[in-house]
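Participant: Would you be able to build a 3D model of this:
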Amino acid sequence: MLISIIIPGYNVEDYLEQCLESIVNQTYKDLEIIIINDGSTDNSLSICQNFATKDTRVKVINKDNEGQGICRNLGIQLATGDYVTFVDSDDYYDIDSIEQLVLGLSKSSDLVIGGYKKVLDTGEITYVEKYSAGICSYSLEHFQLRFLGDLPDKQDSVKGTVWNSLYKRSLLQKNHVTFLSERSIFSEDTVFNLDYIAHCQSVCLIDSTAYNYSLNLESTSTKYDEDKLAKVNDYYIFLCNRFENNETSILRSQRFYLFTVKKCLQQVVNKPTSKSFKAMSTEIKQITSDSVVSEVLKQYPITKLARKTYLMLWLVKHQWTTILTFLIRYSLGRNQNYIKRIQTLETSKKLFL
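Facilitator: You can find the predicted model right below:
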C-alpha cells in the first residue's frame, strides 16, 4: 500500500535535512515523497534536489511562494498513494512513524490519527500529546466536535493538526476536500479536518507519539503576529456560524479561543516595540479590552479550568493589566528552558545582523 507524504517548505534550510532524513529512513518503505518548495530564497531547494538524486521515491516541485495551504493542495493533486499524510518541513519523524499509522488502519478506516511530541532543537521533549487507541465508526458528528477543543470540565479534544494522520486519497479527491490558505483563515488544519470527516465512515485513533513538532524561533507560536487576535476572532465567529445552536460546539470553540487568547498575550513578549513594561502593558490592554474577548469571558465558565489558567483569564476578564503584564513579562507558567533557548537564539541573531 502506497503512502504519499506531502512536505511544503519555505526557507527551512536549518531543519530540512533532519526532516527528510527521518522520512527516507522510515521502516515502512512503500512511500511517495512529494516536496513542494514554496519559493525559498535560502538553500532549501538545493537540499531537496540532493535527496531526489539519491532516492527515486522523492519528487521535488519548485513553485512561487503562495503559502502552506496552497502547497498541500498541489501535493494532493499530484499524489498517487492510497493514503496521504502531511509533514511540516521543520519537523521530523521517529523511525517507525508511518509504520505505526499503517498498523492503525482497519479495512474500513478513512482516517487514522496519531499524537505527537513537542521538542526543542536540543532534542528535549517539552510536551506529549497522546491519544487512547480506538476506532470510532458511530456518531462521527460528535467526534467532529472534538476537533474544536476541550469541554470546560473534560479533556477529550483531538488536535486539529494534519500531520501524523492518514487520509484516504480517494475520499479527498472525490469530495474535493482542500485546504484554505493560512493567510485567509486561522487554524486551516482544523477546518480541513472538519470538512474531511464529514465524508468518513470510521476514524481510528492510535497511541503513537512518533511525530516530532519542532519548537523554533520562527514558528507561528513564538513569532509575534500583530494580526493574530483579529484572525482568531474571525475563526471563532466562523465556527459559531458553522455550528449554530449547538451548545457543545460553542463551549469547545470558546475554550480553544481562550487558549489562543493566552498565546496572543504571551507573544507580546516577542513584539520588537514592546520591550518596556509600559509598552507591553499598552499592548496587553488592547487585547483584554477587545469586544470578542470580553463577550466570550462573560459566557465561559472559567472557574472549571486549571488554577493557573483560571487566574490568568480572571485577570483578563477584569482587565487587571499591570499584574497580567508582570506575569507575562517574566514568562511565569511557561517552559523556562524553551524561553531561555529563544532568548539565546535572539541574542545570537542580533550579533550577526
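Participant: Quick one: distance of the helix or strand containing residue 265 to the chain centre.
Facilitator: Here residue 265 sits within helix 247-266, counting by DSSP states H and E. Relative to its parent chain, helix 247-266 has a centroid offset of 15 Å by CA atoms, centre = their mean, to the nearest Å.
Participant: try stretch 176-190
Facilitator: 12 Å.
Participant: Where does pLDDT dip in the stretch 151-300 of the chain?
Facilitator: Within the stretch 151-300 of the chain, the ranges that satisfy pLDDT under 70 run 216-224, 274.
Participant: got the residue ranges for the strands in it?
Facilitator: 165-168, 203-205, 211-214 (DSSP state E, counting those that start in this stretch).
Participant: partner strands of the first one, parallel or antiparallel?
Facilitator: In other words, strand 165-168. strand 83-86 (antiparallel), strand 111-113 (antiparallel) (DSSP bridges).
Participant: next SSE after the shortest one?
Facilitator: Heading C-terminal from strand 111-113, the first helix or strand you meet, by DSSP H and E, is strand 116-119.
Participant: list the helices and strands the helix or strand that that following strand is followed by packs on?
Facilitator: Using DSSP H and E, the helix or strand that follows strand 116-119 in sequence is strand 125-129. Judged by 3 or more CB pairs under 8 Å, 6 or more residues apart in numbering; DSSP states H and E, the packing partners of strand 125-129 are strand 116-119. Every C-beta, even on glycine, is put in place using the N, C-alpha and C of the backbone.
Participant: ok, residues contacting the strand it packs on?
Facilitator: By CB atoms under 8 Å, 6 or more residues apart in numbering, the surrounding residues in contact with strand 116-119 are 125-129, 159, 161, 163-164, 209, 211-215.
Participant: if we can go back for a sec, pick the most buried one from the strands of the stretch 151-300 of the chain.
Facilitator: Most buried of those by mean neighbour count (mean count of other CB atoms under 10 Å) is strand 165-168; its value is a mean of 24.
Participant: quick one: the helices in the stretch 1-150 of the chain?
Facilitator: 13-24, 44-54, 68-78, 97-103, 140-145 (DSSP state H, counting those that start in this stretch).
Participant: Can you check which of these gets nearest to residue 326?
Facilitator: helix 13-24 (34.0 Å; CB to CB).
Participant: any idea how far residue 271 is from residue 321?
Facilitator: 16 Å (CB to CB, to the nearest Å).
Participant: brain fart, residue 82
Facilitator: 46 Å.
Participant: domain assignment for the protein?
Facilitator: 3-214, 228-351 (automatic domain parsing).
Participant: How much space separates residue 205 from residue 179?
Facilitator: Between residue 205 and residue 179 the computed distance is 22 Å (CB to CB).
Participant: Now render the strands paired with strand 165-168 as CSV, adding mean pLDDT, mean neighbour count and distance to residue 257.
Facilitator: Putting the strands paired with strand 165-168 into CSV (pLDDT from 0 to 100; neighbours: other CB atoms under 10 Å; distance: least, CB to CB, whole Å) gives the following:
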stretch, mean pLDDT, mean neighbour count, distance to residue 257
strand 83-86, 98, 24, 25
strand 111-113, 95, 25, 22
